[in-house]
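J.: Mind folding the following:
(one chain, ligands or ions: 1)
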Amino acid sequence: MRVLIVEDNPELVSLLIKGLGQGGLSADSVGTVGDAQHVLATMKYAAIVLDLGLPDEDGLTLLRELRRRGDSTPVLVLTARDGVTDRVTGLREGADDYLPKPFAMEELVARLQALLRRPGNLLGRLLTFGNVALDTDGRQVFVNGTPRAFPARETAVLEILLRRGGNVAPKRLFEDHLFGLSGDVGSNAVEVYIHRLRKMLGDAGASVKIHTVRGVGYLMAEEKAPG
Ligand code: CA
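T.: The predicted structure is shown next:
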């Protein structure tokens, strides 16, 4: 599987190529949005590692353009430390994950591998898991085919879980999403919304459950049918 690195720092690029190689991933690299557009016009990559601070344009321009034309290649965004706004914007524009710089190469490789393991049915606009589905354009949740009125924050939490496709979603992903929706969320906000979402899914007859991975985050798993 081949990954495209869009990063203008040559030292970081060599480290990335080396690190990805050790993780069994080969990579090409470009240093500008323009070059990335050029390469992506003819090549299909398994995933893209995207820096936001590029010399010609903002990396988000590229991300936005990919998603606008329905390209669902997983994108992992590299952001400056403390760039909460960048992260939130990136996730809203369709990034699948992000890592603040500086990061540990092992973590980057692990995150990319998680994105690459994601089942194909999670790519695109309708995210599904078990009998739960989310239309990410209309923000409509379905359980067993029936539309359900879930509030915006519970829907945002559900979307993160669905995008991870059964892999653990780190708690900070939820925090960024919730902070992005409103500046005023308490320190236990994630727990509160997970709790509400669990209840709503349970009441609606969902075949999936949200499990807590202590100290890490949350994941979704399918429940076995009774009997
Ligand atoms: Ca840069």
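J.: can you pull up the bridge partners for the residue of the chain at minimum distance from the ion?
T.: Of all residues in the chain, the one sitting closest to the ion is Gly53 (3.7 Å; C-beta to the ion). Bear in mind the C-beta positions are built from the backbone N, C-alpha and C, glycine included. Counting by DSSP bridges, Gly53 is bridged to Asp58.
J.: contacting residues around it?
T.: By C-beta atoms under 8 Å, 6 or more residues apart in numbering, the residues touching Gly53 are 8, 59, 80.
J.: what ranges do the helices span in the chain?
T.: Along the chain, the stretches classed as helices by DSSP state H are 10-22, 33-40, 59-68, 84-92, 105-117, 152-164, 171-181, 189-204.
J.: mean pLDDT for the ones you listed: which is lowest?
T.: Note on the helices of the chain: lowest mean pLDDT is at helix 84-92, with a mean of 72.
J.: Run the chain-centre distance for that helix.
T.: Centroid separation for helix 84-92 versus its chain: 11 Å, with C-alpha atoms, centre = their mean, to the nearest Å.
J.: Are that helix and the ion in contact anywhere?
T.: No. Contact of helix 84-92 with the ion (C-beta under 5 Å from the ion) is absent, the minimum separation being 11.9 Å.
J.: counting contacts, what elements does that helix pack onto?
T.: helix 59-68, strand 75-79, strand 97-100, helix 171-181 (3 or more C-beta pairs under 8 Å, 6 or more residues apart in numbering; DSSP states H and E).
J.: Okay, now the sheet partners of the third one, with direction.
T.: When pairs are called by DSSP bridges, strand 97-100 turns out to pair with strand 75-79 (parallel).
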